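In: Build me a structure from this.
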Amino acid sequence: MHLIEKNKIDLYDIPIAELTRQYLAYIDTLYEFDIEFASEFLVMAATLLRIKSRMMLPKTVVDEPDAEDPRMELVMRLLEYRRFKEVTPTLYLMADTQNAYVERAPMPLPIHRLAPENLSADSLMKIFCTLQRMNEEAAIPTMVIASEEYRVQDKMSDILSLLEKRHGTIGLRDAFPTGTRGELLAAFLALLELIKMQVVVVSQDHLYHDIQIEMKEGIRGVS
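Out: Here you go, the predicted structure:
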């Protein structure tokens, strides 16, 4: 392409003989620098010589008038090379523009922490829904059993007894045994009643930490 542009050759009417001569002369200068680099040019030189030899063959009568010009293969390759050469500056510009951008590190997501104070009834309701979902996901064999009634008063006594055994503090999960939905609901209502009576307090130090149930000081034997 350099020789074609240098000699202002029409790309669609290439003088193969002259172009081949100049190209081979150019290759001779490359041998003085890098033989591996020059070897890449030998492929093109072989292509030029092959086209030149085909053009030197005498045309026969049987040749079709619209037979393909042997130079067309070279023309197509040179046109493709020219297209790549034309878009190269644009690609370099796009790369430089992209390199000018600096990616910002992701911003930390805000963490909403629950105050380490007594939890509201609304928060406890959400906790109950979570416990209920966990209970439903537990693998429980399917069987027919007689319905059982769970009294809130009994569950209040169970929670208080457990608190006394564990020095006045238990985890939320300890107060909600894995059982039927009725038992889970009775235990939840029992906890709400104990909070309402100001017998126990429910607290959480940090978000996602375990929720603790604590018996207020001076209360013993309520169960």
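
In: Where does pLDDT dip in the chain?
Out: Counting by pLDDT under 70, the chain shows low-confidence ranges at 1-71, 74-75, 109-124, 132-148, 177-179, 208, 219-223.

In: Can you pull the domain assignment for it?
Out: 2-99, 121-137+148-215 (automatic domain parsing).

In: State the distance from M215 to Q198.
Out: Between M215 and Q198 the distance, using Cβ to Cβ, to the nearest Å, works out to 11 Å. (Each C-beta comes from the backbone N, C-alpha and C, glycine too.)

In: now swap in Q153 and tell me
Out: When Cβ to Cβ is applied, the distance between Q153 and Q198 equals 17 Å.

In: again with D210
Out: Using Cβ to Cβ, one gets 22 Å for the distance from D210 to Q198.

In: now swap in Y101 and tell me
Out: 60 Å.

In: and what of A100?
Out: For A100, the distance to Q198 - Cβ to Cβ - is 64 Å.

In: quick one: which of the two has more around it?
Out: Regarding A100 and Q198, a neighbour count based on other Cβ atoms under 10 Å identifies Q198 as having more, with 10 against 7.

In: which residues touch the closest residue to that one other than its chain neighbours?
Out: Ranked by Cβ to Cβ, 6 or more residues apart in numbering and with sequence neighbours excluded, the top spatial neighbour of Q198 is K216, at 6.6 Å. Shown here is K216, whose contacts under the criterion Cβ atoms under 8 Å, 6 or more residues apart in numbering are Q198, V199, V200, V201.

In: Fine by me, thanks again.
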